[in-house]
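> Test case, fold it:
(chains A and B)
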Amino acid sequence: AQTVTQSQPEMSVQEAETVTLSCTYDTSESDYYLFWYKQPPSRQMILVIRQEAYKQQNATENRFSVNFQKAAKSFSLKISDSQLGDAAMYFCAYRSTLNFGNEKLTFGTGTRLTIIP
Amino acid sequence: DTGVSQDPRHKITKRGQNVTFRCDPISEHNRLYWYRQTLGQGPEFLTYFQNEAQLEKSRLLSDRFSAERPKGSFSTLEIQRTEQGDSAMYLCASSLAFNADVRGAFFGQGTRLTVV
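Prediction:
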């Protein structure tokens, strides 16, 4: 079974600075998807960024980018120019590429990000 | 379409009572998922449907839990004889089958269950 580990329960960053959230995972599969989801207080979880394991290039979405290290099974999220609206719980998640019985997302325990004005 | 909708948002019930939650997915999405999230934890998979077929159930889903998705549209999650350990946020998510990996799943705001 796959597992996802987020070792930073809480992080804080000054507004406009850069912060990196860590995530490691364990799997025996060679192809899979990795996601970062954001869960603001009392609001629904939304997708921030995704990465296909077969792609060597790191995904980027505006101020959000990942550092995907497949051999190390590491998938960190970098947030540049942090904004007050980035304050939320961030969850790293894994999904198999196999169909029929492997559709679920496996989540880490989350990192609570605080933005300091 | 305003996204995935869950009802109720909050539910307080006495131990031993039955509760039912509803999820309305994004209309064109054929996949629907239920997750449970306890305090300080990430969401844990419970079950998922493709159209009306329930294709996978987690062992977390004891026989007190049942989920349905009649006609492949909305879904209900029922918990019978609730226990205090059932207190959690119940999240619903939906996606299109062919791009669940591309766009990820869209989540609702959840139903927070408190069993007293």
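
> who are the neighbours in contact with residue 113?
Went with chain A since none was named. Counting by CB atoms under 8 Å, 6 or more residues apart in numbering or on different chains, A:L113 touches A:E10, A:M11, A:S12, A:V13, A:V19, A:L21, A:I79, A:D86, A:A87, A:A88, A:M89, A:Y90. For every residue, glycine as well, the C-beta is placed using N, CA and C.

> meant chain B actually
B:K11, B:I12, B:T13, B:V19, B:F21, B:I79, B:T82, B:D86, B:S87, B:A88, B:M89, B:Y90.

> quick one: which of those is nearest A:N58?
Nearest to A:N58 among the contacts of B:L113 is B:M89, at 31.5 Å by CB to CB.

> What count of nearby residues applies to that closest one?
For B:M89, the tally of surrounding residues (other CB atoms under 10 Å in any protein chain shown) stands at 19.

> What's the per-residue pLDDT of the nearest residue to B:P70 once chain neighbours are set aside here?
Leaving aside its sequence neighbours, B:P70 sits nearest to B:E52 (CB to CB, 6 or more residues apart in numbering or on different chains; 6.4 Å). For B:E52, the model assigns a pLDDT of 92.

> Any idea what whichever residue of chain A sits closest to chain B is bridged to?
Among the residues of chain A, A:F107 lies closest to chain B, at 3.2 Å counting by CB to the nearest CB. Beta-bridge partners recorded for A:F107 (DSSP bridges): A:A93.

> how much space between it and A:I79?
Computed as CB to CB, to the nearest Å, the A:F107 to A:I79 distance reads 19 Å.

> and if you look at B:I26?
For B:I26, the distance to A:I79 equals 27 Å [CB to CB].

> which one of those two has more residues nearby?
Set B:I26 next to A:I79 and count neighbours by other CB under 10 Å: A:I79 wins out with 23 against 17.

> does that one really touch A:N62, like I thought?
No - with contact defined as CB atoms under 8 Å, A:I79 does not reach A:N62; the gap is 10.0 Å.

> residues contacting residue 22?
With no chain named, the answer covers chain A. By CB under 8 Å, 6+ apart, the residues touching A:S22 are A:Q6, A:S7, A:Q8, A:S74, A:S76, A:T111.

> wrong one, chain B
By CB under 8 Å, 6+ apart, the neighbours of B:R22 are B:Q6, B:D7, B:F74, B:S75, B:T76.
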